[in-house]
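K.L.:
the sequence and its predicted three-dimensional model are supplied below.
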Amino acid sequence: MPLRVTFVAAARSSPLLAERFEDERPLDQAGWGEVERAARELLPLAAAELRYCSPTPRSRATGEGLGYAPLVQLGLRDCDMGRWRGLTLGEAMAREPDAVDAWLADPRATPHGGESLVDFISRVGGWLDTRPVEDGCRVVAVAEPSVIRAALVYALKAPPSTYWNIDVRPLSTTAVTGRAGRWNLRFDGGAQAQPSRP
């Protein structure tokens, strides 16, 4: 059986429009509530032989809150956004509209002085490709949505611009199976509908 890596998106620490580049804020009360509500469904992933997380506070807290006791992986860190770190997209646009336009249009651009989208995707892909290869090994990785998007672009060998067309929701799961350089996106059956209680 191929290696299976299941990514779990970290719970949110702010409303979507308030998301910040390289956000280092911890989970807020709403985020903890999301983790508590999702824990029962996501707890079985704790049986994975290897459990990892991004180094951000909310990824670590999400992994701990789900009972994974994950090991922090620097290879799963968010994209280095240079001088835009801590800003929202709107704030960066207000300060440097031409630079933001260039960054959104060219995946090799680094107008912020940090990491290009191409380099970010390659780094996350390198992490994916270096997971231990044991038949049937299961890996769970709690990561920022941006990291999961990068992993999917890499796994599918899609053009870097595809990154902008992938929506990763908080506490969603996405699995890839395979081996270094040969990954498949895996969709499992959804949860069975539960009858509502009066």
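P.N.:
Looks like it arrived, so ask away.

K.L.:
where does the protein dip in pLDDT?
P.N.:
1, 14-18, 135-136, 189-198 (pLDDT under 70).

K.L.:
what do you get if the cut-off is 80, keeping everything else the same?
P.N.:
For the chain, residues meeting the criterion pLDDT under 80 lie at 1, 13-19, 22-23, 133-136, 188-198.

K.L.:
where do the helices sit along it?
P.N.:
Taking DSSP state H as the criterion, the chain carries its helices at 29-42, 57-65, 89-95, 97-105, 117-129, 145-155.

K.L.:
could I get the ones you listed as a markdown table with distance to residue 173 and mean neighbour count?
P.N.:
(Each C-beta comes from the backbone N, C-alpha and C, glycine too.) Formatted as a markdown table, the helices of the chain follow (distance: least, C-beta to C-beta, whole Å; neighbours: other C-beta atoms under 10 Å):
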| stretch | distance to residue 173 | mean neighbour count |
| --- | --- | --- |
| helix 29-42 | 7 | 15 |
| helix 57-65 | 12 | 22 |
| helix 89-95 | 25 | 14 |
| helix 97-105 | 28 | 14 |
| helix 117-129 | 16 | 20 |
| helix 145-155 | 9 | 25 |
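
K.L.:
could you dump those helices to a markdown table with distance to residue 73?
P.N.:
Output for these, formatted as a markdown table (distance: least, C-beta to C-beta, whole Å):
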| stretch | distance to residue 73 |
| --- | --- |
| helix 29-42 | 19 |
| helix 57-65 | 10 |
| helix 89-95 | 26 |
| helix 97-105 | 25 |
| helix 117-129 | 6 |
| helix 145-155 | 10 |
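
K.L.:
nearest to residue 9, of those?
P.N.:
Proximity to residue 9 (C-beta to C-beta) singles out helix 145-155 among the helices of the chain, at 5.1 Å.

K.L.:
helices and strands around the closest one, which ones?
P.N.:
The contact analysis (3 or more C-beta pairs under 8 Å, 6 or more residues apart in numbering; DSSP states H and E) places helix 145-155 against strand 3-9, helix 117-129, strand 173-179, strand 182-186.

K.L.:
chain center to the second one, what's the gap?
P.N.:
Here the centre of mass of C-alpha atoms in helix 117-129, compared against the chain's by C-alpha atoms, centre = their mean, to the nearest Å, lies 12 Å away.

K.L.:
what's that helix in contact with?
P.N.:
Outside helix 117-129, the residues that touch it by C-beta atoms under 8 Å, 6 or more residues apart in numbering are 5, 73, 75-76, 79-80, 103, 107-109, 115, 146-147, 150-151, 153-155, 160, 163, 176, 180-181, 183.
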